[in-house]
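[1] the following comprises the amino acid sequence and a computationally predicted model.
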2 protein chains.
Amino acid sequence: MSVPESDAEPEAPSPELFDKIVNLAKRRGFVFPSAEIYGGFRSTYDYGPVGVLLLRNVKDAWWRSMVQLRHDVVGLDAAILSPPQVWEASGHLANFTDPLVDCTKCQSRWRLDKLDDPDVCPSCGARGSFTEPRAFNLMFKTHAGPVEGAGHEVYLRPETAQGMFVNFANVLNTSRKRPPFGIAQIGKSFRNEITPGNFVFRTREFEQMEMEFFVPPDEAERWYGYWCDERYRWYLDHGMPSHLLRLRPHDADELSHYSSGTSDVEFLFPWGWDELEGIANRGDYDLTQHSKHSGEKLDYFDQATGERYVPHVIEPAAGATRTAFAFLIAAYDTEEVRGEERTVLRLHHRIAPYKVAVLPLSRKDELTGPARDVFDLLAARWMVDYDETQAIGRRYRRQDEIGTPYCVTFDFESIDDGAVTVRDRDSMDQERVPIAELVDHLAQRLT
Amino acid sequence: MSVPESDAEPEAPSPELFDKIVNLAKRRGFVFPSAEIYGGFRSTYDYGPVGVLLLRNVKDAWWRSMVQLRHDVVGLDAAILSPPQVWEASGHLANFTDPLVDCTKCQSRWRLDKLDDPDVCPSCGARGSFTEPRAFNLMFKTHAGPVEGAGHEVYLRPETAQGMFVNFANVLNTSRKRPPFGIAQIGKSFRNEITPGNFVFRTREFEQMEMEFFVPPDEAERWYGYWCDERYRWYLDHGMPSHLLRLRPHDADELSHYSSGTSDVEFLFPWGWDELEGIANRGDYDLTQHSKHSGEKLDYFDQATGERYVPHVIEPAAGATRTAFAFLIAAYDTEEVRGEERTVLRLHHRIAPYKVAVLPLSRKDELTGPARDVFDLLAARWMVDYDETQAIGRRYRRQDEIGTPYCVTFDFESIDDGAVTVRDRDSMDQERVPIAELVDHLAQRLT
């Protein structure tokens, strides 16, 4: 049984909603600007006590669907620091660039493709003052070892995907999987974006959830369709409403030269439709490139058919941080309750940061002691919040605002009857449940 | 009920064991050298299909103990990229250095404190050829935005701890915790080590599990003792044998100038005792430093007593990657079985990469179909491996080598009797269990 959904149709995201979410995120401990006591560090964010749980739940839900429940996908965790050879082969060193121009009058620097008028400097107003555009590589570069300079550069990976291609042979030789099979990875990537923005949507440091699915060439089209369906459904299954979600196939002129098909799962953000995930049919491009550059054979010999081939790759690549953000936006709801506005995050229970909050009615020892026993009972199984300060009504509102599906209140009567009040986030219905039955009661609703 | 432990006393780790573990790690998909097809990238490693699960289990076990089961600790996930101000305040910019010398004859570069003879170049043999030592900072530096140079440097964090100090006020204001309370974080850190080594023990990129516990100053000593005991016990509770583990208080001359007490949890590695975790009583150093540098008040006002104070900090800081490595070493065992050597990783079931392996006796469809149904049944609850290739004896040995506590074999009889054979990793005992009772049977043993 799943958490009862609200009947109310969520409103379409608006610019005002964007501000409300950013405000809520800060106020309730989802997201803090990074190094905020030093004035912040532009477009870098830290996930607070509630946000870290939201993000973990998004990643765990993905891992569960993509690795745990499948016998044909294994995981990987490759290093962030990586040598230039990898990015030479992948094409990132040559092509992962933005066009930049400098204003010769005021020395300001701009991304050419983002200027409204490419002839006028937006800073000093000079016309025709720009240098010729030059390609600015978006990879962060640093140096390993005590010597800086050529031969010691390393890059922060701009995507997790190459880790899977570079380890293809190692995984094939050790995991006893054979095509069709996938390698999945969750991890941080870094892009030196010139124009980050929209809160946590586009940041220089972000977290990806990528899977490379290796298939016989003649099955690529079929698996591409399979993964488009599967990934679109994943968001719906985790509570994303269908009117905020769409699967958009790329036009021919949007496709990478090696891709025979790409579709984006898009979410209706306050600023319009934007990408959560891309599902791409990448052909044999990646394995062929790495094979060429490394001199290693990256192919598969099928003993049943006697055929040797380079597997084609279907890649569902999702952003963990922006997906968490989209869940927040989709879940945000307000309603009037007894003349007051109630804000509630109607998150799917699998995504909700805390599943349960344990609230002793007052801070008297006779209540907080046994309430902590109830906490211990539930915490063995779920992520549970514990809050003993302020009036109970305010504590309910706080749990509503962070999306906690159930509040468990231990009151003076509980001492005598060994029962607690369980309050439902969405309906606000309250039910008296014996503590002896509490785990089962909640387990039925949180599975 | 827990997994039955072996009666055999594990042998003390030897240098040969080190090689065996590294070999096993590569062969079974625990750890691959990073970018191996390009010749590898020195001292950087990727975690393969089995290793990523081991590492996840170590981190999840820590998170469960340190965050989920506690009402007085919350989580955090701060950014890796961080501005110079943070590292100025923490002292890392000035003091997180190694002394380097250059040989003026052959231009080689050395870490002075690691040279056997600080007068002779180990590369060209020249005497007295070294420059004066200079302080080499171990933080990786890069640049954010399109302009390199002063004002645009950012650092890859060398530890996760500063994220907790910098966010102290934000967490205090949003989480409704008050001292004593903790902020916990798991994440990658980076140190430009001049001499990385010992496989995954000392690497430039590594993963930490750190917690900062903020307490009233007069309770610091008591909490320091509490966390020393608690953290030492954590390793024992997860299957580390006590003769390979010790808690070593630092001598006075080892202590940082701000620390009034530090103890290391040490493991007996093949090269000797070395650190898994440090528990430090850091006083009010960190909050005071950041308060001074940022101009923000980082203290706590206790409404009950009317006192305002800067909390003292107890910090248990563990290495996730080296702890995973230590679990591998501690679990490694060999024994003779019917004239053949069996290698088995006697990992605690919470740490074991897979909890169960489902093995159809043969690859015939009449077995693989229902065996996958058994996989689906179990995978909803646990991380389960599925393997249908090679003889069953070899598949058992493979599961032994990656530490899987239970193998479930679906054979021809299973089609008729609806039962499977459950094999215990440690005792190798086999038991026939009806599929209808399988989940309960395993749940009793894996809790």
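    That came in fine, so what should we check first?

[2] where do the helices of the stretch 301-447 of chain A begin and end?
    Taking DSSP state H, counting those that start in this stretch as the criterion, the stretch 301-447 of chain A carries its helices at A:320-331, A:365-379, A:392-401, A:412-417, A:438-445.

[3] what's the answer for the stretch 151-300 of chain A, then?
    A:161-166, A:168-175, A:220-237, A:285-294.

[4] report all helices and strands that the third one contacts.
    Put plainly, it is helix A:220-237. strand A:205-215, strand A:245-249, strand A:261-269, strand A:272-283, strand A:312-319 (3 or more Cβ pairs under 8 Å, 6 or more residues apart in numbering or on different chains; DSSP states H and E). All C-beta atoms are positioned from the backbone trio N, CA, C, and that covers glycine.

[5] out of the helices of the stretch 301-447 of chain A, flag the one nearest chain B.
    Among the helices of the stretch 301-447 of chain A, the nearest to chain B by Cβ to the nearest Cβ is helix A:365-379 (5.2 Å).

[6] which residues are in contact with that closest one?
    Identification of contacts with helix A:365-379 by Cβ atoms under 8 Å, 6 or more residues apart in numbering or on different chains yields A:356, A:358-361, A:384, A:386, A:388, A:408, A:410-412, A:414-415, A:420, A:435, A:438-439, A:442, B:68-71.

[7] just stretch A:263-276 next, same as before
    By Cβ under 8 Å, 6+ apart, the list of residues contacting stretch A:263-276 from outside reads A:12-15, A:17-18, A:198, A:201, A:228, A:231-232, A:235, A:240, A:243-250, A:277-279, A:318-319, A:322-323, A:326, A:329-330.

[8] list, one by one, the residues from the stretch 101-250 of chain A near chain B.
    Residues of the stretch 101-250 of chain A that fall close to chain B, judged by Cβ under 8 Å from any Cβ of the partner chain: A:109, A:111, A:136, A:140-147, A:154, A:156, A:163, A:166-167, A:169-171, A:174-176, A:183, A:185, A:188, A:190, A:192, A:194, A:204-205.

[9] how close does the nearest residue to residue A:224 once chain neighbours are set aside sit to chain B?
    Spatial nearest neighbour of residue A:224, excluding adjacent residues (Cβ to Cβ, 6 or more residues apart in numbering or on different chains): residue A:281 at 4.2 Å. Computed as Cβ to the nearest Cβ, to the nearest Å, the residue A:281 to chain B distance reads 24 Å.

[10] ok, residue A:281 - how many residues close by?
    Neighbours of residue A:281 under the rule other Cβ atoms under 10 Å in any protein chain shown: 23.

[11] which residues touch it?
    Each residue near residue A:281 by Cβ under 8 Å, 6+ apart is listed here: A:220, A:221, A:224, A:259, A:260, A:261, A:262, A:312, A:313, A:314.

[12] which of those residues are buried, as a PyMOL select command?
    Buried members of these, defined by 16 or more other Cβ atoms under 10 Å in any protein chain shown, are picked up in PyMOL with:
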select buried, chain A and resi 220+224+259+261+262+312+313+314
